[in-house]
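*Asks:* the sequence isn't on hand, but the structure is:
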């Protein structure tokens, strides 16, 4: 009798057929790129794309980043209508750009705008590596430069999150020109007393690293991010030296003084809120400080 109770009846075991397997929604599960742990995609999304097992920081798209940082309903997008053209008549370039537009829902590899983070206003730009690997073309450079200029005009800080494979080769020298254009805009912001915060995420490489990504008053990065100009293999072949395993990681750059801090994604909004509030207090204090008058004393008389 006991054997009958605890013995599995094979006739009652339901084995899903191939049709049932195919009906499981695609993308409901995902595997961590670092530790291979498998999760429900929604579980990872709730953890803002940080692996609960190994703490690996998966890429976020532009709007996931915005939604994780800005106060609800405060973000206003700028220059959404700007789109790339094909100035070099590069074969199949526009077809690839159109495909990325459909895939990501974005017009270009960067989203810019303004909003509130912890109640403080800020201009913002965030690159999306899902669009042409976040490559820097004419429109990407133009949108970032415009966002920096508006931050200066509005007297608000500017924050950028970078994720890029570098300059967009299909646009040739026009892409490389964006390095200078964005850098000049940032210099104008700095000269006007403006604040810029740069946060480098995985990956930030090429001309983006060599220009606006490295020009912040605060230069931060996420853990484990690849950050560099030329690739490891190119450098090793040029220098004929074997590079360390952690070369061009955010940890390597921090150790060598090229970053101010490595910031975990769970701590990012709190840190940005603190910095923005601190600089807002300093600006108010400067406005309330009376002007210092230069006084000279000659023969006991004040002038």
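*Replies:* Cool, the structure landed. None of the values given here were measured: they were computed from a predicted structure. Numbering: from 1, shown residues only.

*Asks:* quick one: low-confidence ranges for the stretch 201-303 of the chain?
*Replies:* 282-303 (pLDDT under 70).

*Asks:* would you mark the buried spots in stretch 241-249?
*Replies:* By neighbour count on 16 or more other CB atoms under 10 Å, the buried set for stretch 241-249 is 248-249. All C-beta atoms are positioned from the backbone trio N, CA, C, and that covers glycine.

*Asks:* so what does the longest helix seen in the chain touch, helix or strand wise?
*Replies:* Determined from DSSP state H, the single longest helix within the chain is helix 265-288. Under the contact definition 3 or more CB pairs under 8 Å, 6 or more residues apart in numbering; DSSP states H and E, helix 265-288 sits against helix 62-69, strand 110-117, strand 120-127, strand 196-205.

*Asks:* tell me the helix or strand right after the longest one.
*Replies:* Going back to what we said before, that points to strand 196-205. Per DSSP states H and E, the first helix or strand lying C-terminal to strand 196-205 is helix 206-209.

*Asks:* helices along the protein, start to end?
*Replies:* With DSSP H as the criterion, the chain has helices at 2-6, 18-22, 41-46, 62-69, 93-104, 138-154, 172-191, 206-209, 232-239, 250-255, 265-288.

*Asks:* per the record, what domains does this structure have?
*Replies:* What the record gives for the chain is the domain set 29-58, 60-281, from automatic domain parsing.

*Asks:* which stretch among those domains is buried most, on average?
*Replies:* Among those, ranked by average contacts under mean count of other CB atoms under 10 Å, first place goes to domain 60-281 (a mean of 19).

*Asks:* distance of the spatially most central residue of the chain relative to residue 138?
*Replies:* Taking CA atoms, centre = their mean, the centroid of the chain lies closest to residue 161, which sits 2.6 Å from it. Distance of residue 161 to residue 138, given as CB to CB, to the nearest Å: 20 Å.

*Asks:* now swap in residue 171 and tell me
*Replies:* For residue 171 relative to residue 138 (CB to CB), the value is 6 Å.

*Asks:* between the two, what contacts are shared?
*Replies:* 84, 87 (CB atoms under 8 Å, 6 or more residues apart in numbering).

*Asks:* where does the spatially closest residue to residue 94 that is not a sequence neighbour land on pLDDT?
*Replies:* Counting by CB to CB, 6 or more residues apart in numbering, residue 94 lies nearest to residue 86, which is 5.2 Å off, once chain neighbours are set aside. Confidence at residue 86, expressed as pLDDT, is 96.

*Asks:* does residue 86 really touch residue 170, like I thought?
*Replies:* Yes: Residue 86 lies in contact with residue 170 (CB atoms under 8 Å); the separation is 7.4 Å.
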